[in-house]
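Undergrad: Predicted model and sequence follow; I will ask about them next.
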2 protein chains.
Amino acid sequence: MSYMIGKANSVNKALDSAVSLREPIKIHEAMRYSLLAGGKRVRPVLCIAACELVGGEEFLALPAACAVEMIHTMSLIHDDLPCMDNGNDDLRRGKPTNHKVFGEDVAVLAGDALLSFAFEHLATETPEIISPARVVRAIGELAKAIGSEGLVAGQVVDLTSEGMDQNDVGLELLEFIHLHKTAVLLEAATVLGAIFGGGTNEEIERLRKFARCIGLLFQVVDDILDVTKSSEELGKTAGKDLIADKLTYPKLMGLEKSKDFAEKLLSDAQEQLHGFDSNKVKPLLALANYIGKRQN
Amino acid sequence: MSYMIGKANSVNKALDSAVSLREPIKIHEAMRYSLLAGGKRVRPVLCIAACELVGGEEFLALPAACAVEMIHTMSLIHDDLPCMDNGNDDLRRGKPTNHKVFGEDVAVLAGDALLSFAFEHLATETPEIISPARVVRAIGELAKAIGSEGLVAGQVVDLTSEGMDQNDVGLELLEFIHLHKTAVLLEAATVLGAIFGGGTNEEIERLRKFARCIGLLFQVVDDILDVTKSSEELGKTAGKDLIADKLTYPKLMGLEKSKDFAEKLLSDAQEQLHGFDSNKVKPLLALANYIGKRQN
C-alpha cells in the first residue's frame, strides 16, 4: 500500500507539471479538472511496477505512466458525455463530470487534447537513455490500445449491446467488451513499463498476460461493486449498469459465480509472475490483490 | 494539377487499405465514411511534396500523409458535432455529417479512433529505412499540432470568441484562431514530409515557414469563400460564419482588404521556396497557388 501511495504521488506531481495551467486557460482547466481529480492511479502504478520488475528505475517509466493516465482520463471524459452510455453519469471520481462543469464542447476538446498530449509526452519526455526504437514500439502499443481494436472497440460494442436480449449476447461478447474497455489499457500500461524498463520480449509477453488477467478481473469486480455498493461508497453513481440495462457478469452468471470467476482470474494472474525475482514481484502481486479485493 | 491528382489517388488507396472494413463493423464504417468522403487531400499532398522536395520518395511519406489526413478528418467529425460551433454543420464534403448518419456517440468514438490510429499508423507503417529517432520526432510534431497548443487551442478560442464584440477581439485573436485551427496541421503535414524525406533542420524550418503562410492563406480564402459562394458550390453549408456570428477576415477588415491580405500571404509563401531545386519546387508552388486561388 505504501508503495502504491508513493508511486501515485510521483505520478500526481508529474501530471500536475506536465499539464500546467497555461493559455488557453479554459481548455487546460478542463484537462486538469479531470486529470488531477484523484483516482487510484492503478494504471500508472502498474506501469512503474512493471518497469521496476524487469530491472528499470521509476524515472524511465514515469512519462509512459503519465501518458497512460491521460488516455484513461480522456476515455472517462468522452464516455461520460450525454450522447454516450445514456448519459447517466453525473458523478466521476466523486465530482461532477467534466461536461457538467465545462460544457459538452469543451469536454470533447479536453478529451482530444489529452489523447494527443499523451503521445506528445511519450515522444518528447521519455528519457534519452531509452532507444528511439523502444519509444516507437511503445507508441504503437498505446495507440492500438485506444482505437478501433482497443478502448473504442469495447465502447462501441458495449453501446450496441445495450438493451439486447441476454440470450443473444453471451459471455463471449461480454468478455470482448471488458477485455477492450478495460483490460487493453491495463495491458498497455504494463507493457509500456516493461518496454521502458528494458524488458526482454519474453518478459514483456508474460507481463502482458498478467495484465490481461487483472484487466478482466478489474471489470468483473467493477460489475460486482456496481450492484453491491452505494454511490457514496463508490464515489460515482451506483446501480447505473442496471438502470442502463447493461450487460454485466452478475446479470449473466449471477453474483456468486461472478465472485468465483474473480477468484480464478486473480490466481491466474499470480501464476504469470512465477519465476520473477520474488522481492521485486511484490508490488505487482499486491496490485493484483488490490484490484481483486477493492471495495470501490 | 495532374501531380496533385496522382498523389491524391495514392493517398486514397493507402487510406482505404489502412482503415479496412473489419470488426467491429459500425465503428469502421463510420471512420471510413468520413475518411474516404473525397476531400482535396491538400494536407497529404503537401506532405508528399515536401518529402520529394528534400530528396525523398513518395513511399517514405505515405504513412505520414495518411496519418495527417486521419487527424484532419477527426477534427472535422468532432467540430461538426451538435455541441460544437452551434451545430450548424449538416453537410461536410457534400455529404451529411458523420453524426447525422451514425449518431453522436459513434461520431465521437470514430474521431477518437482516427486520432489514435494516426499514431499507430506512424509507429507501425513507417518504412524501416527511416530511423526511429525521426519517427519519434515526427510523432512529437504531429501530436503538438493537435492538442491544446494546436487544433484544440484554435477551436476552443474560436468557440469562446463567438458573439463577442468586434472591438474586443482584434486581428491578433483572429490570427491566433486561424494559425491554430488550420495552419498548424498544414505545418505538421509539411514538416513530417520533410522529416521523412531526410531533410536537414534548415530545410525543415524553411518548409515550416512556407506551410504557416499557406495555412493562414487557406483560412483567409475559406473566410472569403464563405461569404461569396453558395452551399452547392462549396459542397458544405455556405454563410455559416455569418449565421454563427463568427469572427472572420471579411468581417474584421472587409472583403477587398481580405483579398489583398491573401495575395500578400501567397507571395510570402513563394519567397520561402527560393533556393530549392527549381524543378522539384513546382508542386509546392502549384499547391500554394491552388490554395490561394481555389473556388471551393
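TA: Structure received.

Undergrad: Report the mean per-residue pLDDT for the helix or strand where A:A194 lies.
TA: Using DSSP states H and E, the element containing A:A194 is helix A:184-196. Averaging pLDDT along helix A:184-196 gives 98.

Undergrad: What residues sit buried inside the following helix or strand past that helix?
TA: Downstream of helix A:184-196, the first helix or strand assigned by DSSP H and E is helix A:201-228. Residues A:203-204, A:206-208, A:210-227 are the ones in helix A:201-228 that count as buried (16 or more other Cβ atoms under 10 Å in any protein chain shown). From N, CA and C alone the C-beta is placed, and that goes for glycine too.

Undergrad: One more: stretch A:131-151?
TA: Judged by neighbour count using 16+ other Cβ under 10 Å, the buried positions of stretch A:131-151 are A:132, A:134-151.

Undergrad: all strands of chain A, in order?
TA: Ranges of strands in chain A, per DSSP state E, are A:91-92, A:95-96.

Undergrad: Turn those into CSV, including distance to A:G170 and mean neighbour count.
TA: CSV is the format used below for the strands of chain A (distance: least, Cβ to Cβ, whole Å; neighbours: other Cβ atoms under 10 Å in any protein chain shown):
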stretch, distance to A:G170, mean neighbour count
strand A:91-92, 30, 20
strand A:95-96, 36, 15
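
Undergrad: Pick out the shakiest of these, pLDDT-wise.
TA: strand A:91-92 (a mean of 84).

Undergrad: So what's the gap between that one and the chain middle?
TA: Counting by Cα atoms, centre = their mean, to the nearest Å, strand A:91-92 is centred 16 Å from the centre of its parent chain.

Undergrad: what's the answer for stretch A:185-198, then?
TA: 12 Å.

Undergrad: Just checking that stretch against chain B, any contact.
TA: No: residues of stretch A:185-198 contacting chain B under Cβ under 8 Å from any Cβ of the partner chain: none, with a closest distance of 11.0 Å.

Undergrad: And the helices in the stretch 51-200 of chain A, which stretches?
TA: A:58-79, A:98-102, A:104-125, A:132-146, A:151-161, A:171-178, A:184-196 (DSSP state H, counting those that start in this stretch).

Undergrad: Adding distance to A:K246, write these out as CSV.
TA: CSV is the format used below for these (distance: least, Cβ to Cβ, whole Å):
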stretch, distance to A:K246
helix A:58-79, 12
helix A:98-102, 20
helix A:104-125, 22
helix A:132-146, 22
helix A:151-161, 7
helix A:171-178, 9
helix A:184-196, 19
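
Undergrad: for the ones you listed, which one sits closest to B:T126?
TA: helix A:132-146 (8.1 Å; Cβ to Cβ).

Undergrad: Okay, buried residues for stretch A:257-266 please.
TA: A:S258, A:K259, A:F261, A:A262, A:L265, A:L266.

Undergrad: State the number of residues packed around A:F276.
TA: Counted by other Cβ atoms under 10 Å in any protein chain shown, the residues lying close to A:F276 total 17.

Undergrad: tell me the contacts of it?
TA: A:L53 (Cβ atoms under 8 Å, 6 or more residues apart in numbering or on different chains).

Undergrad: so how far is A:I204 from it?
TA: 13 Å (Cβ to Cβ, to the nearest Å).

Undergrad: likewise A:D90?
TA: 40 Å.

Undergrad: Leaving out sequence neighbours, find the closest residue to A:E187.
TA: Closest residue to A:E187 in three dimensions, ignoring its sequence neighbours and counting by Cβ to Cβ, 6 or more residues apart in numbering or on different chains: A:A211, at 4.2 Å.

Undergrad: quick one: contacts for that neighbour?
TA: For A:A211, the contact set (Cβ under 8 Å, 6+ apart) comprises A:L46, A:A50, A:A183, A:L186, A:E187, A:A189, A:T190, A:V191.

Undergrad: Taking those residues, tell me the two that lie furthest apart.
TA: A:A50 and A:A183 (14.7 Å).

Undergrad: Looking at those two, which one has more neighbours?
TA: Neighbour totals were compared for A:A50 and A:A183, and A:A50 leads with 32 against 23 (other Cβ under 10 Å).

Undergrad: What's the separation between that one and chain B?
TA: The gap separating A:A50 from chain B is 20 Å, by Cβ to the nearest Cβ, to the nearest Å.

Undergrad: show me the contacts for that residue.
TA: Counting by Cβ under 8 Å, 6+ apart, A:A50 has contacts A:A61, A:A189, A:T190, A:V191, A:L192, A:G193, A:A194, A:G197, A:G199, A:L207, A:A211, A:L284.

Undergrad: Same question for A:A113.
TA: Per Cβ under 8 Å, 6+ apart, neighbours of A:A113: A:I27, A:M31, B:I146, B:G147, B:S148, B:V152.

Undergrad: pLDDT below threshold where in the stretch 51-200 of chain A?
TA: A:85-89, A:163-169 (pLDDT under 70).

Undergrad: hmm, 50 instead?
TA: Judged against pLDDT under 50, the stretch 51-200 of chain A has no low-scoring part.

Undergrad: need the contact list for A:E175.
TA: A:L216.

Undergrad: now A:R32
TA: The contact partners of A:R32, taken as Cβ under 8 Å, 6+ apart, are A:D16, A:V19, A:L21.

Undergrad: Just the closest of these to chain B, please.
TA: Closest approach between these and chain B, by Cβ to the nearest Cβ: A:V19, at 8.2 Å.
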